[in-house]
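Colleague: take a look and give me a structure for this.
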Amino acid sequence: MLVVGVDVGTTNLKVALVDVEQARAVAVAAAPTPQPGDLSTVLAALLTRVLDGRPAPRAVGVASMAETGVPVGPDDEPRGAWLRWDAHRGDTHADALAARWGRAELFAATGVRASGKVPLATWAWLREHAPGWLHDDGRWAGAADLVVLALTGRLVTDHTLAGRTMAYRLGRPGRLPDAFDDELLAGVGLAARHVPRVLAPGQTVPVRPGPATADLPPGIPVTVAGHDHAVAAFAAGVRQPGRVADSLGTAEVVCTVLEGDPAPDPVAAAGMSLVRTVRGDLPALVAGTSSAGGAVAWWLATYAGDLADDERAHLLAAASDARDDDWWRALRTQEDAFLLLPSVAGRQTPAPDPGARPRPVGRVPADPVAHLRGLLVGLALQARWMLDVQAELAGGASRWDTDVRLLGGPAHANPAWTRLKGMVTPGPVHLVLEREPVAVGAALLAAERAGLVDDAAVTAAVPVEEPAAVSVGGAAALRPGPGPWLDADRLLTRFVDAATHA
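Modeller: Sure thing, here's the model as predicted:
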């Protein structure tokens, strides 16, 4: 059974044709994420590529980055470029909203911290700077919503994406609100007519004939699968209390599924969010950082910007090689082993600090490969820090002791990074084999919501645990030998001390 999954990411737009029974992509086409005005054309071309000569799909699921969208006019045409999650245009407006309603009260109501990345702050900014785009006769379309609009002619969203706007109340698991909140919308001059209709988990809308759907059977069901990291966690089998996903992309998100809601104030103070899983049946903690694949891109632009493309690729490949035993030995034995604090644009969590920036810790190496690897160490420790704090908030022990599902393209492309994660994490780390977990997860949810399967399948995972030798992205992570390989607690203490003390 074939189903289409669409992933609208910060960097790339991907369309996958997914074999639902096998929970794997059988064909994938990708392009740089286009601006909204070109989205329909690029989407149609990608659909043509993955469907060419193959059986017709039975459903379509769409996932996307959150906190990103664009106003559309009465003709459903986008008005301008993406208003993205990482632009910080709404910082002062978020502060004003928090002053009006109370920062703690807003978090308790929505599960989201008041910050410039939330669309509610962007909408306040639009009211001041471009009121004709949205507040007059416009409507807000999130990234996934705009794709579904092109496929179906209906502007709809789901609770995981609505929940990232700070204009949608958290609700109780299994009893989610069926619309954006009127009071929160009114606070920025909007009403229900300005935002998408929120579909309940299980609801779909049908494909309609149009420029973007020439290769799709008319009438097949389309679902807004939701927030990309949450959808990837679903694909990885993170669906029950105690399960944890670490989703790597341009950003990195750690998600722990819970049995019940924790106290909101400590979650907000840690810079994390409280959400509902894609099925809407369980609470979850979400910790996000923009310093993941984006930090590697920043490093290459900052320290290798003068190199030719092939030289930069060679440098990245060398730093990604997990087989350099001399470097691993130095990292283990040197008290001042080099690491680089990875906060490219502030730290969201833990210990939020908008002024945090990359900073070296230890002896700075002259070798650019070792310098880039120091960033990988910092990124692995940043994720470990998030995991530890999230476990405490979830009511667990101070040392995080469950297993994690690691997923996303960077985890496959960079074996050294993946190996570091396995070494600094107290519990076992499992690498999800599917390289397109967001698109596959969107397809699995679409199949489930269309009634094509009773319970979507779980993608295969392989343990990536020190000291075992494993195959990661085609490169073997070699056995380190007897004895402790890394003193992860020592490294983490150095990292946290440096991160929290200027």
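Colleague: C-alpha only now, for contacts and for neighbours.
Modeller: Fine.
Colleague: helix, strand, or coil at A317?
Modeller: Secondary structure, DSSP: H, G, I helix; E, B strand; the rest coil: A317 is helix.
Colleague: ok, it - contacts?
Modeller: Counting by CA atoms under 8 Å, 6 or more residues apart in numbering, A317 makes contact with N414.
Colleague: when you give positions from now on, start the count at 39
Modeller: Yes, from this point I'll number from 39; that puts the last item at A355.
Colleague: please enumerate the strands of the stretch 89-238 of the chain.
Modeller: 98-102, 107-110, 177-180, 194-195, 235-236 (DSSP state E, counting those that start in this stretch).
Colleague: so which of those strands is nearest F533?
Modeller: Among these, the nearest to F533 by CA to CA is strand 98-102 (31.8 Å).
Colleague: averaged pLDDT, that closest one. What do you get?
Modeller: Mean pLDDT, strand 98-102: 98.
Colleague: any residues touching it, and which ones?
Modeller: Applying CA under 8 Å, 6+ apart, the contact partners of strand 98-102 are 41-47, 181-182, 185-186, 258-266, 269, 476-477, 480-485.
Colleague: ok, A394 to P388 distance?
Modeller: 12 Å (CA to CA, to the nearest Å).
Colleague: touching, A333 and A383? I think so.
Modeller: No. Applying CA atoms under 8 Å, one finds A333 not in contact with A383, separated by 9.2 Å.
Colleague: more neighbours: the two, which one.
Modeller: A333 (21 against 18; other CA atoms under 10 Å).
Colleague: so who does the nearest residue to L189 once chain neighbours are set aside touch?
Modeller: Distance criterion CA to CA, 6 or more residues apart in numbering; nearest residue to L189, sequence neighbours excluded, is V245 at 5.5 Å. Contacts for V245 (CA under 8 Å, 6+ apart) come out as L189, T190, T251, L254, P255, P256, G257, I258, P259, V260.
Colleague: just A162 next, same as before
Modeller: With the criterion set at CA under 8 Å, 6+ apart, A162 makes contact with G128, H131, V226, G227.
Colleague: most neighbours out of those residues, which is it?
Modeller: G128 (23 neighbours).
Colleague: tell me which element the most centrally placed residue in the chain is part of?
Modeller: With distances taken as CA atoms, centre = their mean, the chain has H267 as the residue nearest its mean C-alpha position (3.7 Å). Element membership for H267, per DSSP states H and E: helix 266-273.
Colleague: please state the offset of that helix from the chain centre?
Modeller: Mean-position distance between helix 266-273 and its chain equals 8 Å (CA atoms, centre = their mean, to the nearest Å).
Colleague: who does the helix or strand that it is followed by pair up with?
Modeller: Once the chain leaves helix 266-273, the next helix or strand it forms, by DSSP H and E, is strand 282-286. Here strand 282-286 is paired, per DSSP bridges, with strand 290-295 (antiparallel), strand 442-445 (parallel).
Colleague: among these, where is the model least confident on average?
Modeller: strand 442-445 (a mean of 89).
Colleague: would you mind giving both backbone torsions of V243?
Modeller: phi -130, psi 150 (degrees, to the nearest 10).
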